[in-house]
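[1] sequence? don't have it. structure:
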């Protein structure tokens, strides 16, 4: 029983950064923007959150700074692709490469420094309950913040008028422009939301999961988040489900030894990457699934010629 | 007021000028960054960009590091020409090192003349095999090659790590994660005295020439270009998309695989857990800065190699983290992408009126 | 000018330049309340630009707009809608994956509860005879239905001026009549209508007044009812409308055969083809009429080889089963193909015209063991440019730098010079000016006279009636029996276009088609 609880809580723990990053990217992509820079934005968020956390001694300030850093990174992407019309795929790749370099550069002096981890909630009475306590009442604040975020994104995309406008822009920016929507402005916002989420996702790694700064510590999580958006067919709740599944895979890798498997650790570490490929194959096998769900203008630039 | 205006035709001049513009902008940024870090910019500049290649040994290092960048960049350039977004060169390189290095370990202390060619072949095949996976998955299951090729990078690196920690570890190596050193016949011949330049440079230049011929002169090269510029036109003309994907993924896998085996059969001389400081990723920038043109890739490879050397020098002599290399790489690509806007657009001063000679072309469909 | 009623909209000296082209040059016009005002001109005359200026999509470089006697800058479509200006676009401004109600909600500037909105949509659609279901997804609707959505969307804002941009190009002749009724009712209620078209008959039937544009300038004003097609055409193009004539021709063997072609579409928004049968003979032009979105795209892809068909016998090219062949292999059998989409399918936009010759012309001596022979490629391109009077800076010009009409001349020329045994042409003159249209149609007729089998798929009934020997209709993925032009009428074809025809007895066709 206890080991089951441990598996579930560590699954949630492992999934949290993926949820942030993938939800942010879902919103970005719903507006028609494909930002492949998630990995880079996460790294910069991770290093910024860590550095600010150390300097100020406040993890909250660290998280805020990480979100701002993510936004700043995403703005580079937005300015290039939206204002200067550069290719989205190439620019996203550039953002990741830049993020890897920039975070390593900035983080050089912080490598290996200790930082107190984001504290877990402790509600006297509730947290101490057997099973239920650790299962529900013993996470850190970022896990709990996730829940309103998930429902906010879900509501925004499916129920709100602003979300409808954004989806419309992702569907056909030229039509949206012709009926008078500020396509570029909305796309800017969507990209910035993705940036803030990725920044937070990164900070979660360096402030809660690890917690320390290690060069390249995202280890492909940004890319996995991108795959999750496809896996979730651009639907927030499914994306979250996918993130939890992936969290589970990661945890399996940690617990496998405990369950008595004797597989070299490298092969266990491959699991999330192999799982990503398998998941992509499963979901992309039928091109109709993608065609029906993918925002029609995804990755295509739009320039209001006027 | 200036504003951007679409050119009637893409500018051929700007295609060549924009990488230069980007390089200059990167240098200026370097100046600013060095100053902000409290370094004397002129001296830092000298240490970073000039001193590393001041000596013949240093220049040799430039060529040595450029070779894998060029090899990976050539393959990626082919992919990007065909609109295939392979970003897994680092993985292809790693697998090439594994298969090529595996052959070397299997041959042991062989002195056969065929040892090296066999290793190169194995490296190319290994890289190609790794490239075949995203190609097959894309053609068969419509998966996105960006994500698949990247995931395979991690998998290849973990595989290498497993091998040098486990079955291939040198028993006499004090438990270091590395294989036995390769024999003399399994190492690339040196080219220039007093430097570490080896045969991989020749390989890179020959492949650059071949790649130029393929892209500029052959119908197959033309088909790739069409697929990249206008996929619907390629379908209309009957150029098979799947065949293109296979072709570029196998070729780029093979050439990155060669880069990998050249590293382990060259400066490294054995298999170890880490064999590349991210050449495969830097090669993405090389391909881009080189305008996806083989000659450009060669020049881009040299520039990127200089950034690596500069980073090392900065670490030793300026007490800057060597990660400054990655910073410059990213910045360079940003500037390039931004400068590219002038290929299709030009700045026009809106204060001066449009010349009246622009006669209405009666057939311009209702703009 | 009576001076009693003031105009609802008055444009004075509107000018708009784009790089290399003056789209509008000092255009003035007035529209009065309740007036149906035609804006007439051929493709590229500047009509669409002018309307985008009125609707606030585009800003003019010079000139003034007077709306209900007040000078007004219209900076955005939202502002235009606030003023009471509605627009129905030629290429609909609807989002395919959203419902009708969502589409309409998106364009309303005030927020209405979804329930109320659905009610309002039903009200308006009943009142003006435009039946639509607010819950339906747009991609499941026909082109005519989509237009209704656009119109209803405008009407919900009770417009004072409704701009219709080439509204009839997507409608069957019967649907055109219904549309005219709606427009007349609106005008009777005091709504002004700006009706953009290049179709002379329609304008004479519907409009009170007309402003004619040519080359971005006003070239005439008229009361259409008092004009003839000839006099309007002279204002529009400065000459009489040229005509093509089909001479008697001997018909040979079947060159394009389609037998029992059924095709399920991969595209979730596509049309399934159902049991299509047709034979196109050497020396004839067969026209396929129909509103686009009824399987045209799918049929074309199945014929060109961009979609492979399971049964090899479903598509016969010059007697050879070709269903499983790719486009290059079909071209080898003597098939040429001019796609609807010029830039990006028929031609590679940033490539030079000579490389665009290589795109489909590689078999004409341009290769030697896989190596491109550039001299031959360039010579071929120059030949196309000369013979088809393509206006460009030599064969080095990028395809994207050519105007629509010139590029189409180049593509038709290229496909013609490949010496085909059969040619398939989609929308040969869509968006092309009159001069280039005539040249292209004549080229097709010349091919027919030389014994080539020509299959033309077009939305323009007028064009098909001008150049076809026989005509068939594609509706909802089914193809009608082809009929001789002399045996049919615009009315009958129009009726067929809405799907009202019996599927063919495929027996007779089949006997004819099977190669010996």
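    That came through fine. Note that the structure is a prediction, hence the values are computed from the model and not measured. Residues are numbered from 1 along each chain as shown, chains lettered A, B, ... in the order given.
[2] can you list the residues of the stretch 51-200 of chain A near chain C?
    For the stretch 51-200 of chain A, the residues in contact with chain C under the definition CB under 8 Å from any CB of the partner chain are A:161, A:164-165, A:167-168, A:171-172, A:175-180. Backbone N, C-alpha and C define where each C-beta goes, glycine included.
[3] and which of the residues you listed is nearest chain C?
    Compare each of those with chain C using CB to the nearest CB and the shortest gap goes to residue A:180, at 3.2 Å.
[4] isn't the closest one right up against residue C:75?
    No - with contact defined as CB atoms under 8 Å, residue A:180 and residue C:75 do not form a contacting pair (9.6 Å).
[5] list the residues that contact both of those two?
    With CB atoms under 8 Å, 6 or more residues apart in numbering or on different chains applied, the overlap between the contact sets of residue A:180 and residue C:75 consists of residue C:56.
[6] how about the secondary structure of residue A:62?
    Following DSSP: H, G, I helix; E, B strand; the rest coil, we place residue A:62 in the helix state.
[7] what's the burial count for the residue nearest to it when sequence neighbours are not counted?
    In this structure, residue A:62 finds its nearest non-sequential neighbour in residue A:53, 3.2 Å apart by CB to CB, 6 or more residues apart in numbering or on different chains. The burial count assigned to residue A:53 is 26, neighbours taken as other CB atoms under 10 Å in any protein chain shown.
[8] residue 223: which element?
    You didn't say which chain, so I picked chain A. Element membership for residue A:223 (DSSP states H and E) is helix A:221-231.
[9] wrong one, I was asking about chain B
    helix B:219-229.
[10] and the next helix or strand past that helix?
    Next along from helix B:219-229, by DSSP H and E: helix B:231-237.
[11] so is that following helix next to chain A?
    No - among the residues of helix B:231-237, none lie within reach of chain A under CB under 8 Å from any CB; the closest is 12.8 Å away.
[12] that older thread, centre of the chain to the helix holding residue B:223, how far?
    20 Å (CA atoms, centre = their mean, to the nearest Å).
[13] run through who's touching it.
    The contact list for helix B:219-229, computed with CB under 8 Å, 6+ apart, reads B:78, B:80-83, B:214-215, B:233-234, B:237, B:239, B:241, B:244, B:247-248, C:348-351, C:355, C:358-359, C:362, C:367, C:370-372.
[14] give me the low-pLDDT residue ranges for chain A?
    Low-confidence segments of chain A (pLDDT under 70): A:1, A:257-261, A:305-306.
[15] again, only using 80
    The model of chain A has pLDDT under 80 over residues A:1-3, A:121-123, A:125-128, A:130-138, A:253-262, A:303-306.
[16] swap in the stretch 101-250 of chain C?
    For the stretch 101-250 of chain C, the ranges with pLDDT under 80 are C:109-112, C:142-144, C:169-170, C:239-245.
[17] in the helix or strand where residue A:46 lies, what counts as buried?
    Taking DSSP H and E as the definition, residue A:46 sits inside helix A:38-56. Residues A:38-54 are the ones in helix A:38-56 that count as buried (16 or more other CB atoms under 10 Å in any protein chain shown).
[18] centre-most residue in chain C?
    residue C:430 (4.7 Å; CA atoms, centre = their mean).
[19] apart from its neighbours in sequence, what residue is nearest that residue?
    Nearest one to residue C:430, counting by CB to CB, 6+ apart, is residue C:340 at 6.8 Å.
[20] quick one, what contacts that neighbour?
    With contacts defined as CB under 8 Å, 6+ apart, residue C:340 is in contact with C:296-297, C:300, C:426-427, C:430, C:457.
[21] and the residue nearest to the centre of chain C, that one's in a strand?
    No - the assignment for residue C:430 by three-state DSSP gives coil, which leaves it out of any strand.
[22] you'd agree it is up against residue C:459?
    Yes - counting by CB under 8 Å, residue C:430 does reach residue C:459; the two are 7.4 Å apart.
[23] quick check on the residues of the stretch 51-200 of chain A next to chain C: which are buried?
    Neighbour-count burial (16+ other CB under 10 Å) is assigned, among those, to A:164-165, A:167-168, A:171-172, A:175-180.
[24] tell me who's in contact with the closest residue to chain A within chain C.
    Nearest residue of chain C to chain A, counting by CB to the nearest CB: residue C:77, 3.2 Å away. For residue C:77, the contacting residues are A:178-180, C:55-57, C:87, taking CB under 8 Å, 6+ apart as the criterion.
[25] pipe those residues into JSON lines and attach distance to residue C:335 and secondary structure per row.
    As requested, the contacts of residue C:77 are arranged in JSON lines below (distance: CB to CB, whole Å; DSSP: H, G, I helix; E, B strand; the rest coil):
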{"residue": "A:178", "distance to residue C:335": "38", "secondary structure": "helix"}
{"residue": "A:179", "distance to residue C:335": "41", "secondary structure": "coil"}
{"residue": "A:180", "distance to residue C:335": "45", "secondary structure": "coil"}
{"residue": "C:55", "distance to residue C:335": "43", "secondary structure": "coil"}
{"residue": "C:56", "distance to residue C:335": "47", "secondary structure": "coil"}
{"residue": "C:57", "distance to residue C:335": "41", "secondary structure": "coil"}
{"residue": "C:87", "distance to residue C:335": "41", "secondary structure": "strand"}
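[26] of the residues you listed, just say which sits nearest to residue B:6.
    Compare each of the contacts of residue C:77 with residue B:6 using CB to CB and the shortest gap goes to residue C:57, at 17.2 Å.
[27] so what's that closest one up against?
    Contacts here follow CB under 8 Å, 6+ apart; on that basis residue C:57 touches A:177-178, A:180, A:306, C:77.
[28] what is the nearest of the residues you listed to residue B:90?
    residue A:177 (39.8 Å).
[29] which SS class is that closest one?
    Three states are possible here, and by three-state DSSP the one that applies to residue A:177 is helix.
[30] what segments of the stretch 201-350 of chain B are strands?
    Taking DSSP state E, counting those that start in this stretch, the strands of the stretch 201-350 of chain B run over residues B:345-349.
[31] how about the residues of it near chain A?
    Contacts of the stretch 201-350 of chain B with chain A, taken as CB under 8 Å from any CB, map to B:278, B:281, B:284-285, B:288, B:321, B:323-331, B:333-334, B:337-338, B:340-341, B:344-345.
[32] narrow those to those in helices?
    Assignment to helices by DSSP state H places the following of these there: B:281, B:284-285, B:288, B:324-331, B:333-334, B:337-338, B:341, B:344.
[33] contact partners for residue 39?
    Going with chain A. Taking CB under 8 Å, 6+ apart as the criterion, residue A:39 is in contact with A:96, A:99-100, A:218, A:220-223.
[34] actually, chain B is the one I wanted.
    Contact analysis of residue B:39 by CB under 8 Å, 6+ apart lists B:318, B:320.
[35] do the same with the one 10 residues further on
    Shown in contact with residue B:49 (CB under 8 Å, 6+ apart): B:27, B:30, B:306, B:310.
[36] touching the helix or strand residue C:287 falls within from outside, list them.
    Secondary structure here is read from DSSP H and E; on that basis residue C:287 sits in strand C:285-289. Residues outside strand C:285-289 that contact it (CB under 8 Å, 6+ apart): C:246, C:278, C:280, C:296, C:299, C:444-445, C:448, C:453-459, C:461, C:464, C:467-474, C:479, C:482, C:493, C:496-497.
[37] tell me the buried residues in it?
    Buried positions in strand C:285-289, judged by neighbour count with 16+ other CB under 10 Å: C:285-289.
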